[in-house]
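Sequence and predicted structure are below.
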Amino acid sequence: MRPGVNRAGFGEARGNYAVAGLGGGLAQLGRRLLLGLCLALLVSLVYIRPTAAFTKGAITISVALVAIGLRWAWGRASARFGLRRCYLFRDGLVITGLFGQPRSAVPWAEVMGIQMMTSQSLFMAFYRFEITRRGSRPVAFLALGFQPPLVEPLLSQAAENGVSH
């Protein structure tokens, strides 16, 4: 757990998970489109066989590997430094921002409900959560992937605190 995340005193820590905002969703879309274009280019290079096909194929594979490597490096760095995380606690949750600072601290006692939307397509796979609170603006965030590890713990922790979804 990052120091300073549980300043609100939400009790026992129940885990932390990667989340994203609109930029993360668009980055996922861009990365998947780029990898799809690289795959289409490689297939066309094999089928058409233009001059210098090996060099063009090597450059295409390099671009794809760089995109995959950047995604892997960002995942490792964000987990290590607590960037864009959802920290679940017994009595609330804390969402951190792009630089690891707490962006939203939400006690379960203030939560009126959780709305969940999902998109499971080839280019965008995410769960969008919107937590509605009494007397405050809603908190929205994305959990990227087809089956992100955040979904079950968040919903079970909400149900444990009497919050419906």
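Good, I have the coordinates. Numbers count the residues shown, from 1 in each chain.

For the longest helix along the chain, give the mean pLDDT please.
Secondary structure of the chain per DSSP state H: the longest helix is helix 53-81. Helix 53-81 shows a mean pLDDT of 94.

So which other helices or strands are in contact with that helix?
strand 13-18, helix 22-48 (3 or more C-beta pairs under 8 Å, 6 or more residues apart in numbering; DSSP states H and E). Quick note: C-beta positions are derived from backbone N, CA and C, even for glycine.

could you redo the last one with a cut-off of 7 Å?
If you count contacts as 3 or more C-beta pairs under 7 Å, 6 or more residues apart in numbering; DSSP states H and E, helix 53-81 packs onto helix 22-48.

chain center to the helix it packs on: distance?
Taking C-alpha atoms, centre = their mean, to the nearest Å, one finds helix 22-48 lying 19 Å from the centre of the chain it belongs to.

one step back: so what are the sheet partners of the helix or strand that the longest helix of the chain is followed by and their directions?
Next helix or strand after helix 53-81 toward the C-terminus (DSSP states H and E): strand 85-89. In the sheet, strand 85-89 lines up against strand 13-18 (antiparallel), strand 92-96 (antiparallel) (DSSP bridges).

hmm, back to that, give me the buried positions along the longest helix of the chain.
Neighbour-count burial for helix 53-81, counted by 16 or more other C-beta atoms under 10 Å, picks out 60, 64, 67, 78.

Low-confidence regions, this protein specifically.
Applying pLDDT under 70 to the chain flags residues 1-4, 6-8.
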